[in-house]
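In: Any chance you can model this:
(chains A and B)
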Amino acid sequence: MSNTLTAHAATETTNVATPVATNRKLDQWICWWSLPIFYNLFGLIFVYLGKLMPPPKPGLTTSEIVTFIQTNASSMQVAWVMLTLSLGFASLSSGLIVVQMKRMSVSPVLPYAYLAALAVAAVPGCLLCTIMFALAAFRPDRDPEIIALLYDMGLLSFVGSLGCFATQYMIFAIAIFLDKNRIFPRWLGYMSIWGAVTEMVAAPIWIFKDGPYAWDGLISFYLGTIIFVVWEYFLVASLFKAIKQQPLEELTPPCSV
Amino acid sequence: MSDQAIDAGTSRRLPGDADIWVFVIGDMLIFSAYFAAYLFVDRIRDHALFFQAQQQLSQNLGFCNTLILLTSSLFVALGVHAARLADFRAASRFLELAGASGIIFLFVKAYEWYTKLASGLTISTNAFFMHYYVMTGVHVVHVLIGLTFLTILWRELRGAAIPRMELVEAGGIYWHMVDFLWFLIFALLYLMR
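Out: Residues are numbered from 1 along each chain as shown, chains lettered A, B, ... in the order given. Predicted structure coming up:
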């Protein structure tokens, strides 16, 4: 018993002595830099390669859908492969947000719930939609009706799943309002409420095939997406500030994290 | 901060903090998008249909809910006033009454939706009912968020040694905004010819 205690004390002394300990925020900065890298790739994958943004029209005829898939088949497959390789970056940034949320004077349930809500939302919102397009692109000469089904499945899961992100936004907003340590600015909490409400309004896309509430609609898609982009920008900026202002005494030495 | 806030009743100052006003202005802009889609995209396209569909809404229930929200706004204002006078117990009582009014509003709304759905008027009936369900639905979400906000304030007034006044005021401003948005929805959907 006394041996282990001495051993423990010894490792602690070495930790303090190593030069690595001088940059105790290195892990957080690496995660922070993954954010701009991931969102640039995300834009490339969803806008340029995957053709999901801006969304094609819900009212296309079957033959128009087949032409759409056939002309973009290879770039859709590249989009899927790139997404599988880069989606890991999203987990780094989510981990960073959890680390910062755990500094708040709120129940630790909230950061874990935030993480879980994002993980749930990423399945339909990121993965299912791109895999449906990649699947349609795999055999673009199959029955046109099946191609049309995959097209619907891809876009309905992409835009129709925005409601999943509403939970994540609300958890974040509640954590900010309850937090007395002011880790994140309160206006970011309010912006998260805009996010939650505008993402919920994507629900009517399951009913309408044109107009403001269709999956390419001004309100269902564009309003929520614009707010997401603005929110994400300010989240990244607020994370930068939060890491910068975190006092060093709060950080454990890197080896024991 | 809170000392400054408590005696602020006499001096000129923006209630709440700047953050809540950024939120209110942004949220109003988001609602403007719904109003614009209703007024300038769909309503002008088929005015007769919108007029005829509007007759199927119950102005009485709409008016009831307007009164209920006005009352709850009064309670919130009285609560903020009591909190400024450092009577936190009375303030939390007023918030309970405001919250109760909010819950009654939700029950009336649920009954109204139920009667509409029972007579076969759903979100896909026509463009008017699409806007009706989306706008009233988004507003209900705002009421639910407002009730959460009031609960946080209630906890603050009951639990904290010195409640954060700017948070209490922000909650009041949020609730008034929810009330104001309902006025606009009531006017645009139920009354406007």
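In: the bottom helix or strand of chain A by mean pLDDT?
Out: helix A:2-17 (a mean of 46; mean pLDDT, DSSP states H and E).
In: By residue count, what's the longest helix in chain B?
Out: If each helix of chain B is counted by residues according to DSSP state H, the longest one is helix B:127-159.
In: Could you point out the helix or strand that follows that helix?
Out: helix B:165-185 (DSSP states H and E).
In: Report the contact partners of whichever residue of chain B sits closest to chain A.
Out: Closest approach between chain B and chain A, counting by CB to the nearest CB: residue B:23, at 3.4 Å. From N, CA and C alone the C-beta is placed, and that goes for glycine too. Residue B:23 is in contact with A:187, A:190, A:191, A:193, A:194, B:174, counting by CB atoms under 8 Å, 6 or more residues apart in numbering or on different chains.
In: Off-centre distance for the strand or helix carrying it?
Out: According to DSSP H and E, residue B:23 maps onto helix B:18-36. Relative to the chain's own centre, helix B:18-36 is displaced by 13 Å; criterion: CA atoms, centre = their mean, to the nearest Å.
In: Check the model's average confidence along it for me.
Out: Per-residue pLDDT values over helix B:18-36 give a mean of 90.
In: can you check stretch B:42-58 too?
Out: On average, stretch B:42-58 scores 86.
In: Give me the contacts around that stretch.
Out: Against stretch B:42-58 from outside (CB under 8 Å, 6+ apart): A:211-212, B:112, B:115-116, B:119, B:121, B:125-132, B:189-190, B:192-193.
In: same thing with stretch A:181-195?
Out: A:100-101, A:103-105, A:165-166, A:169-170, A:172-177, A:224, A:227-228, A:230-231, A:234-235, A:238, A:242, B:17-20, B:22-23, B:26-27, B:30, B:145.
In: do stretch A:31-51 as well
Out: Applying CB under 8 Å, 6+ apart, the set of residues contacting stretch A:31-51 is A:52-54, A:68, A:72, A:75-76, A:78-80, A:82-83, A:86, A:89-90, A:92-93, A:95-96, A:99, A:129-130, A:133, A:232, A:236, A:239-240, A:243.
In: from the stretch 151-257 of chain A, which residue is nearest to chain B?
Out: Counting by CB to the nearest CB, the stretch 151-257 of chain A gets nearest chain B through residue A:190, at 3.4 Å.
In: Report the inter-axis angle for the helix or strand harbouring that residue versus helix B:127-159.
Out: Assigned by DSSP H and E, residue A:190 belongs to helix A:186-200. Relative orientation of helix A:186-200 and helix B:127-159, computed by axes from the mean of the first three to the mean of the last three CA atoms, to 10 degrees: 150 degrees.
In: Which residue ranges of the stretch 1-150 of chain A form helices?
Out: Using DSSP state H, counting those that start in this stretch, the helices of the stretch 1-150 of chain A run over residues A:2-17, A:26-43, A:62-86, A:88-101, A:109-122, A:129-138, A:144-160.
In: Please work out which residues outside stretch A:134-143 touch it.
Out: A:66, A:69-70, A:72-74, A:76-77, A:79-80, A:147, A:150-151, A:154.
In: For the residues you listed, give me TSV that also has distance to residue A:217, neighbour count and pLDDT.
Out: Formatted as TSV, these follow (distance: CB to CB, whole Å; neighbours: other CB atoms under 10 Å in any protein chain shown; pLDDT from 0 to 100):
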residue	distance to residue A:217	neighbour count	pLDDT
A:66	24	21	93
A:69	22	23	92
A:70	26	13	91
A:72	22	19	91
A:73	27	17	90
A:74	29	11	90
A:76	23	25	90
A:77	28	18	91
A:79	23	24	91
A:80	26	23	91
A:147	23	24	94
A:150	22	20	94
A:151	17	22	93
A:154	17	26	92
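In: just those residues now: which is nearest chain B?
Out: So of those, ranked by how close each gets to chain B (CB to the nearest CB), first place is residue A:151, at 21.5 Å.
In: okay, the contacts of stretch A:134-143 in TSV with distance to residue B:168 next?
Out: TSV is the format used below for the contacts of stretch A:134-143 (distance: CB to CB, whole Å):
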residue	distance to residue B:168
A:66	59
A:69	56
A:70	60
A:72	54
A:73	58
A:74	58
A:76	52
A:77	55
A:79	49
A:80	50
A:147	57
A:150	52
A:151	51
A:154	47
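In: picking that back up, ok, and which of the helices of the stretch 1-150 of chain A has the densest surroundings?
Out: helix A:129-138 (a mean of 22; mean count of other CB atoms under 10 Å in any protein chain shown).
In: Now for the residue in the stretch 1-150 of chain A positioned nearest to chain B: which residues touch it?
Out: For the stretch 1-150 of chain A and chain B, the shortest gap (CB to the nearest CB) falls at residue A:106, measuring 11.2 Å. Residue A:106 makes contact with A:175, A:178, A:179 under the criterion CB under 8 Å, 6+ apart.
In: Any stretches of the chain with poor pLDDT?
Out: You didn't say which chain, so I picked chain A. Filtered on pLDDT under 70, chain A yields the residue ranges A:1-22, A:252-257.
In: Sorry, I should have been clearer: chain B.
Out: B:1-12.
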